[in-house]
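1. A predicted structure for the sequence below; I have some questions about it.
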Amino acid sequence: MNSKSKTKNIIVGSGPAGRLAALELGILGKDVTLIEKNYIGGNCLNEGCMVLCALSDIAIFLNNKRRYENLGLVKGEDFEIFYDNIVNEIRKTQEIIRKIHTNENQSHGNVIIHGKAEIFEETVLVNGETLEYDNLLIATGSKPFVADIKGKEYSLLSPDILKLSRLPEKLNVIGGGAIATEISSLFSSFGCDVNIIVRGEFLKEIDDDLRNFIVKKLLSDVKVNQNQNILEIKKNRVVCEEDKFVGTPFLATGRSPNSEIAKNLVNIDDSGAIIVDNMMKTSANNVYAAGDVTGGMNLTPVARMEGIVAGRNMAGYSNFMDYKKIPQGFGLDLSIDFIQNNQSKHDDEKEVLIPVPAGPGNFWRVLTKDTGISKIKFNPKTREIYWAGAISPSSVSDIAYISYLMRTKHDMEEFYEEFIEIHPSTDAFHSLISKIYEH
């Protein structure tokens with residue numbers, strides 16, 4: 001027999017959206033029960049971007065060693081990579097961060113339950129207990145999208161990165177987006193022979209200048225195969241119409257929402273995403289959704305914003321999401337960052353492309369002329385910025401600054417005159433903004 005208890009706000013899923021919603025509600029003094037079937041932190045911490053960040057640190061270290069050797073600055077034996085040790089240390093770090101997330105939520109009086117939830121109108125069933133809610137937030141995230149290709153079961157997926165006991169000699173990454181690019185860059189840096197196999201165009205959503213720099217400078221050891229008709233995946237090869245690529249298959253073809261839990265409660269679109277408005281409300285009364293399960297931009301900062309918006313609305317404080325001019329990016333040997341403004345080309349648009357100056361992490365790249373690039377599109381009369389992108393060690397902060405200025409409609413001239421960078425951390429940002437005032 002199920003027992004019953006009362007709670008005000010139930011959140012299912014503890015990734016960036018659910019965790020931040022729970023924190024916001026806790027700070028506002030509301031009763032919160034946070035339900036997680038696996039580990040707190042969601043995909044980002046446990047198998048996604050944080051795992052890639054950990055591997056990227058090691059990849060950049062190895063790339064720098066090779067760069068310094070090529071310049072004749074250092075000389076030494078090649079490092080041996082102990083991938084099993086890397087995985088073990090990542091898992092240890094994840095445990096520490098999970099404890100921090102748990103303590104953070106519990107410090108605001110939030111209750112955390114580990115178990116698989118079933119959701120119904122006005123109730124949630126978990127671990128044999130029925131919980132009634134006044135408000136429900138569905139923040140169940142996403143999972144790897146598995147393309148409908150014969151033999152797809154032989155492919156590795158992103159959760160398998162921490163299940164590998166050793167590095168594959170050859171890797172065939174199927175996909176043409178940011179995730180496929182990051183995976184390819186990482187394993188190439190670790191010494192694997194990597195093919196990218198794309199059914200269409202590689203990085204089709206990226207600006208041409210940025211994409212060309214990525215392919216020529218950052219993926220120089222990776223073979224990019226575009227417009228491939230993939231016929232079948234086998235255990236150690238990918239069979240295409242005109243070629244066969246020997247090596248371990250890895251599917252990186254995007255994400256799909258984990259919305260099955262809500263299929264009988266709220267409206268879901270053809271892609272499986274829960275339909276929400278800009279207050280994160282679903283079609284069901286007092287039921288909200290946030291994060292990847294809504295099928296949006298699949299970015300951790302966006303999921304956090306959506307979670308906070310949902311939490312405030314659940315608490316009775318009206319709040320709205322604004323998806324304009326959001327910065328996004330991904331990391332290779334250099335960071336690639338840009339603002340996707342979702343606008344077509346303007347008639348009055350002017351663009352400027354400049355090399356990134358020497359700065360932190362860039363001094364020794366000057367000799368090989370691969371410090372990176374910055375690009376900005378703007379109105380030369382009004383100095384309104386339409387789009388900006390950069391590839392550099394500091395672009396992750398440079399583009400975030402510009403995105404903020406665009407969203408707040410800040411006076412660029414005033415900012416340019418008053419802003420003082422901490423040299424040389426934001427040299428690229430300062431150079432990019434200054435180009436607006438040269439036209």
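-> Yep, that arrived.

2. got any ranges where the chain has weak pLDDT?
-> 1-7, 341-344, 426-427, 439 (pLDDT under 70).

3. any idea which residue sits dead centre in it?
-> Compute the mean C-alpha point of the chain, and by C-alpha atoms, centre = their mean the closest residue is residue 299, 4.6 Å away.

4. so how far is residue 207 from that one?
-> Applying C-beta to C-beta, to the nearest Å, the value for residue 299 to residue 207 is 18 Å. The way it works is simple: take the backbone N, C-alpha and C, and place the C-beta from them, glycine included.

5. doesn't residue 256 fall inside a strand?
-> Yes. Counting by DSSP: H, G, I helix; E, B strand; the rest coil, residue 256 is part of a strand.

6. Show me the beta-bridge partners of it.
-> Per DSSP bridges, the residues bridged to residue 256 are residue 143.

7. So it is in contact with residue 268, correct?
-> No. Applying C-beta atoms under 8 Å, one finds residue 256 not in contact with residue 268, separated by 11.7 Å.

8. Neighbour count: these two, which is higher?
-> Using other C-beta atoms under 10 Å as the criterion, residue 256 and residue 268 rank with residue 268 on top: 21 against 17.

9. Confirm for me that the more buried one is in contact with residue 276.
-> No. The pair residue 268 / residue 276 is not scored as a contact, 10.7 Å apart, by C-beta under 8 Å.

10. quick one: secondary structure of residue 39?
-> Under three-state DSSP, residue 39 comes out as coil.

11. show me the contacts for it.
-> 14, 45, 46, 94, 98 (C-beta atoms under 8 Å, 6 or more residues apart in numbering).

12. Let me know the closest of these to residue 401.
-> residue 45 (26.0 Å; C-beta to C-beta).

13. and that closest one, backbone torsions?
-> The phi/psi pair for residue 45 (degrees, to the nearest 10) reads phi -80, psi -40.

14. Contact partners for it?
-> 15, 39, 94, 97, 98, 101.

15. Top of the residues you listed by number of neighbours, please.
-> Going by other C-beta under 10 Å, residue 15 tops those with 30 neighbours.

16. May I have the residues that are in contact with that residue?
-> Residue 15 sits next to 41, 42, 43, 44, 45, 139, 141, 291, 292, 303 when contact means C-beta under 8 Å, 6+ apart.

17. If you tally nearby residues, what's the number for the second one?
-> Residue 42 is flanked by 28 other residues according to other C-beta under 10 Å.

18. Equivalent analysis for the first one, please.
-> As a burial measure, the neighbour count of residue 41 was computed by other C-beta under 10 Å and equals 23.

19. can you check the fourth one too?
-> Using other C-beta under 10 Å as the criterion, residue 44 is surrounded by 22 other residues.

20. Hmm, residue 52 and it touching each other?
-> No. Judged on C-beta under 8 Å, residue 44 makes no contact with residue 52 at a distance of 9.8 Å.

21. Residue 330: which of the contacts of residue 45 is nearest?
-> When those are ranked by distance to residue 330 (C-beta to C-beta), residue 15 comes first, at 18.4 Å.

22. who's in contact with the nearest residue to the closest one once chain neighbours are set aside?
-> Among residues not flanking residue 15 along the chain, residue 42 sits closest, at 2.1 Å (C-beta to C-beta, 6 or more residues apart in numbering). By C-beta under 8 Å, 6+ apart, the contact set of residue 42 is 13, 14, 15, 16, 17, 18, 19, 48, 141, 291.

23. Pick out the most distant pair among the contacts of residue 39.
-> The most widely separated members of these, counting by C-beta to C-beta, are 14 and 94 (13.4 Å).

24. what residues are shared contacts of these two?
-> Joint contacts of residue 14 and residue 94 (C-beta under 8 Å, 6+ apart) are 39, 41.

25. from memory residue 386 sits against residue 349, does it?
-> Yes. Under the criterion of C-beta under 8 Å, residue 386 makes contact with residue 349 at 5.9 Å.

26. gap between residue 317 and residue 30?
-> The gap separating residue 317 from residue 30 is 11 Å, by C-beta to C-beta.

27. meant to ask about residue 372, not that
-> Residue 372 is 45 Å from residue 30, by C-beta to C-beta.

28. thinking again about what came up before, would you mind giving the contacts of residue 42 as TSV with secondary structure added?
-> Below are the contacts of residue 42 laid out as TSV (three-state DSSP):
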residue	secondary structure
13	coil
14	coil
15	coil
16	helix
17	helix
18	helix
19	helix
48	coil
141	coil
291	helix
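
29. how deep is the residue lying closest to residue 179 once chain neighbours are set aside tucked in, by neighbour count?
-> Nearest residue to residue 179, sequence neighbours excluded (C-beta to C-beta, 6+ apart): residue 252, at 4.6 Å. Neighbourhood size, residue 252 [other C-beta under 10 Å]: 25.

30. Residue 252 reaches residue 178, doesn't it?
-> No. Distance between residue 252 and residue 178: 9.1 Å, which falls outside the contact criterion (C-beta under 8 Å).

31. next helix or strand past the strand of greatest length in the chain?
-> In the chain, taking DSSP state E as the definition, the longest strand is strand 385-392. Using DSSP states H and E, the helix or strand that follows strand 385-392 in sequence is helix 395-408.

32. residues of that next one that come out buried?
-> 395, 396, 397, 398, 399, 400, 401, 402, 403, 405, 406 (16 or more other C-beta atoms under 10 Å).

33. I'd say the third one and residue 429 touch.
-> Yes. Counting by C-beta under 8 Å, residue 397 touches residue 429, with 7.3 Å between them.

34. longest helix anywhere in the protein?
-> If you go by DSSP state H, the chain has its longest helix at helix 83-106.

35. could I get that helix in PDB with only the CA atoms?
-> Extracted C-alpha coordinates of helix 83-106, given in PDB (Å, rounded to 0.1, in the frame of the first residue of the first chain):
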ATOM      1  CA  TYR A  83      43.000   6.300 -19.900                       C
ATOM      2  CA  ASP A  84      41.700   4.100 -17.100                       C
ATOM      3  CA  ASN A  85      43.400   6.400 -14.500                       C
ATOM      4  CA  ILE A  86      41.900   9.400 -16.200                       C
ATOM      5  CA  VAL A  87      38.400   7.900 -15.900                       C
ATOM      6  CA  ASN A  88      38.900   7.000 -12.300                       C
ATOM      7  CA  GLU A  89      40.000  10.500 -11.400                       C
ATOM      8  CA  ILE A  90      37.100  12.000 -13.300                       C
ATOM      9  CA  ARG A  91      34.700   9.800 -11.300                       C
ATOM     10  CA  LYS A  92      36.300  10.900  -8.000                       C
ATOM     11  CA  THR A  93      35.900  14.600  -9.000                       C
ATOM     12  CA  GLN A  94      32.300  14.000  -9.900                       C
ATOM     13  CA  GLU A  95      31.600  12.500  -6.500                       C
ATOM     14  CA  ILE A  96      33.000  15.600  -4.800                       C
ATOM     15  CA  ILE A  97      30.900  18.000  -7.000                       C
ATOM     16  CA  ARG A  98      27.800  15.900  -6.400                       C
ATOM     17  CA  LYS A  99      28.200  16.300  -2.600                       C
ATOM     18  CA  ILE A 100      28.600  20.000  -3.100                       C
ATOM     19  CA  HIS A 101      25.400  20.200  -5.200                       C
ATOM     20  CA  THR A 102      23.600  18.000  -2.600                       C
ATOM     21  CA  ASN A 103      24.700  20.100   0.400                       C
ATOM     22  CA  GLU A 104      23.800  23.300  -1.400                       C
ATOM     23  CA  ASN A 105      20.200  22.200  -1.900                       C
ATOM     24  CA  GLN A 106      19.800  20.700   1.500                       C
END
